[in-house]
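In: Predicted coordinates and the sequence they were generated for:
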There are 2 protein chains.
Amino acid sequence: MRLLIVEDDRELAAALASAFARRSVSSDRAETAGDAELMLASAHYAAIVLDLGLPDGDGLVLLQHLRAHGNPVPIIILTARSDLGDRVSGLDAGADDYLIKPFEFDELFARLTAVLRRKGGFQGNLLTFGNLQFDIATRELLVDGVVLALSVRETELVELLLRRDGRVVPKRLAEDQLFGMNDNLGSNAVEVYVHRLRQKLERAGAATRIDTIRGVGYLMRLIA
Amino acid sequence: MRLLIVEDDRELAAALASAFARRSVSSDRAETAGDAELMLASAHYAAIVLDLGLPDGDGLVLLQHLRAHGNPVPIIILTARSDLGDRVSGLDAGADDYLIKPFEFDELFARLTAVLRRKGGFQGNLLTFGNLQFDIATRELLVDGVVLALSVRETELVELLLRRDGRVVPKRLAEDQLFGMNDNLGSNAVEVYVHRLRQKLERAGAATRIDTIRGVGYLMRLIA
DNA sequence: GGGCGCGCTTACATCAACCTTACGGCGCAG
DNA sequence: CTGCGCCGTAAGGTTGATGTAAGCGCGCCC
């Protein structure tokens, strides 16, 4: 799961990014509404955390623009206490939830998962495949009910594979989800993470395997 | 599915070809409008990606010529931002969509599938035959709902057979689709790929078989 | 029957895609 | 500061797709 954080305050943005990373959620950051639009055009995000208090005041414009085009991506807006009017306009324009700064990160995370569930992206909060279970809320992978420790990238990868439920995950898509806008792709990073995940799954006794579809991508399959 | 890319910039053309190949779409390339006409006369293409900014300015002429002869092949035109007039003329002459350079490949691909769906009148994006399902969007073949891993060429071949829905696929047509303008055909490549596909289908438990029509071609049939 | 055309099958060289391992950098906890 | 784990990169080995070719079988026609 990858988020887009639209926030001009670098410090806050960095804090959010690292807090999300601790929960195995990756994120990209845009400083302006314009950047955000560009990034939204070229990658897929599970949700957007949008600061309405951007210096140019374009946060609201971005929001309206997205909704005007029928884009249903979940959006949580952040506002300063002094801008309560914006908050109303934001919800009016189609935001899914809001928080008033300052806020606790746990609060943000809780609302995010709530919004994601509400929006129907998730049927429940458990993806099951063979003897694997992935808890979307806690972002833990269980093998036969036992937690398997995974890194952030590895977590993103299993989630991707499990979400596709036995269908192919194109390599390109995996790159997007794992590395986001890091277009400095001079490497075989996806392959490396597939390898690491395969090892961990095997050692944990998973009844699944990751198959390679040459020239296309990967898929998760039950062991015959 | 095979495309014709009419583009004088070799680098761009190569990049497009490889990007399409990644999505299991084959393509041929013409450098000039004249070449393009020749190629169109001897092979069938699902769509044309046409750069209107050809040095001799013949891109538009080619477009007009095709439409004047009632050729309905889907055409997406590429123009530089400085040639907006051309864009209008192009749409006027019967192009189905346009992109302004520079553009994201994903954007091109999305528009292409949209145009194909619109024009080709796909009922859905799923071709079904016996217990086979071919998802046109993701280019996956499912046997009893399970993904069967196929190579690019093999994928082209099943798609061709399924699109004909029980009618014969002339061998010559298969050659065109699989190998395009590679007229250096000193081989029996089609036969080899039919053989490989037959094996994979049988091992996957397909309820269909590929029959040989001697001297003509192949057809897909339900097993009696 | 025997030659012939067509298709089937297997084998093979080539090369890109992929796997695997190793390593240096970086952030964090102790 | 130091050890540890995660991260991304690089390098070399391995695998599998691809197109070509050769041998075989089968039916057709003379």
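Out: Nice, thanks for sending it over. Keep in mind the model is a prediction, meaning the values are calculated, not measured. Numbering: from 1, shown residues only, chains lettered A, B, ... in the order given.
In: going on from the lowest-mean-pLDDT helix or strand in chain A, what's the next piece of helix or strand?
Out: Using mean pLDDT, DSSP states H and E, the weakest-scoring helix or strand in chain A turns out to be helix A:84-92, at a mean of 75. Following helix A:84-92 in sequence order, the next helix or strand is strand A:97-101 (DSSP states H and E).
In: Name the residues of that following strand that are buried.
Out: Neighbour counts over strand A:97-101 (16 or more other C-beta atoms under 10 Å in any protein chain shown) mark A:97-99 as buried. In short, each C-beta sits where N, CA and C put it, glycine included.
In: List just the nearest of the residues you listed to DNA strand D.
Out: Nearest to DNA strand D among the buried residues of strand A:97-101, counting by C-beta to the nearest atom of the strand, is A:Leu99 at 26.2 Å.
In: Any idea how many residues pack against A:Pro72?
Out: A count of nearby residues for A:Pro72, using other C-beta atoms under 10 Å in any protein chain shown, gives 12.
In: Oops, could you answer that again for A:Asp35 instead?
Out: Around A:Asp35 there are 15 residues (other C-beta under 10 Å).
In: wait, is it part of a helix?
Out: Yes. With DSSP: H, G, I helix; E, B strand; the rest coil as the criterion, A:Asp35 is located in a helix.
In: if I look at it, how far off is DNA strand D?
Out: Going from A:Asp35 to DNA strand D by C-beta to the nearest atom of the strand, to the nearest Å gives 20 Å.
In: tell me which parts of chain A are close to chain B?
Out: Contacts of chain A with chain B, taken as C-beta under 8 Å from any C-beta of the partner chain, map to A:41-42, A:166-168, A:172, A:211, A:213-216, A:219, A:221.
In: Let me see the ranges of the strands in chain A.
Out: A:2-6, A:26-30, A:47-51, A:75-80, A:97-101, A:126-129, A:132-135, A:140-143, A:146-148, A:169-170, A:208-213, A:217-222 (DSSP state E).
In: So which of the residues of chain A next to chain B is surrounded by the most neighbours?
Out: A:Val216 (23 neighbours).
In: Please convert the strands of chain A to JSON lines, extending it with distance to DNA strand C and mean pLDDT.
Out: Formatted as JSON lines, these follow (distance: least, C-beta to the nearest atom of the strand, whole Å; pLDDT from 0 to 100):
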{"stretch": "strand A:2-6", "distance to DNA strand C": "17", "mean pLDDT": "91"}
{"stretch": "strand A:26-30", "distance to DNA strand C": "14", "mean pLDDT": "89"}
{"stretch": "strand A:47-51", "distance to DNA strand C": "19", "mean pLDDT": "92"}
{"stretch": "strand A:75-80", "distance to DNA strand C": "22", "mean pLDDT": "90"}
{"stretch": "strand A:97-101", "distance to DNA strand C": "22", "mean pLDDT": "86"}
{"stretch": "strand A:126-129", "distance to DNA strand C": "19", "mean pLDDT": "79"}
{"stretch": "strand A:132-135", "distance to DNA strand C": "19", "mean pLDDT": "87"}
{"stretch": "strand A:140-143", "distance to DNA strand C": "19", "mean pLDDT": "90"}
{"stretch": "strand A:146-148", "distance to DNA strand C": "18", "mean pLDDT": "89"}
{"stretch": "strand A:169-170", "distance to DNA strand C": "10", "mean pLDDT": "91"}
{"stretch": "strand A:208-213", "distance to DNA strand C": "4", "mean pLDDT": "95"}
{"stretch": "strand A:217-222", "distance to DNA strand C": "7", "mean pLDDT": "93"}
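In: To B:Phe20, which of these lies closest?
Out: With C-beta to C-beta, the closest approach to B:Phe20 among the strands of chain A belongs to strand A:169-170: 13.5 Å.
In: now what about that closest one, what contacts it?
Out: Under the criterion C-beta atoms under 8 Å, 6 or more residues apart in numbering or on different chains, residues A:160-161, A:216-219 lie in contact with strand A:169-170.
In: nearest to DNA strand D, of these?
Out: Nearest to DNA strand D among the contacts of strand A:169-170 is A:Val216, at 9.9 Å by C-beta to the nearest atom of the strand.
In: show me what contacts the closest one?
Out: A:Val216 makes contact with A:168, A:170-171, B:22, B:24, according to C-beta under 8 Å, 6+ apart.
In: Closest one of those to DNA strand D?
Out: For these, the nearest to DNA strand D is B:Ser24 (8.6 Å; C-beta to the nearest atom of the strand).
In: Quick check, the residue in chain A closest to chain B?
Out: Using C-beta to the nearest C-beta, A:Ile213 is the residue of chain A that sits closest to chain B, at 5.1 Å.
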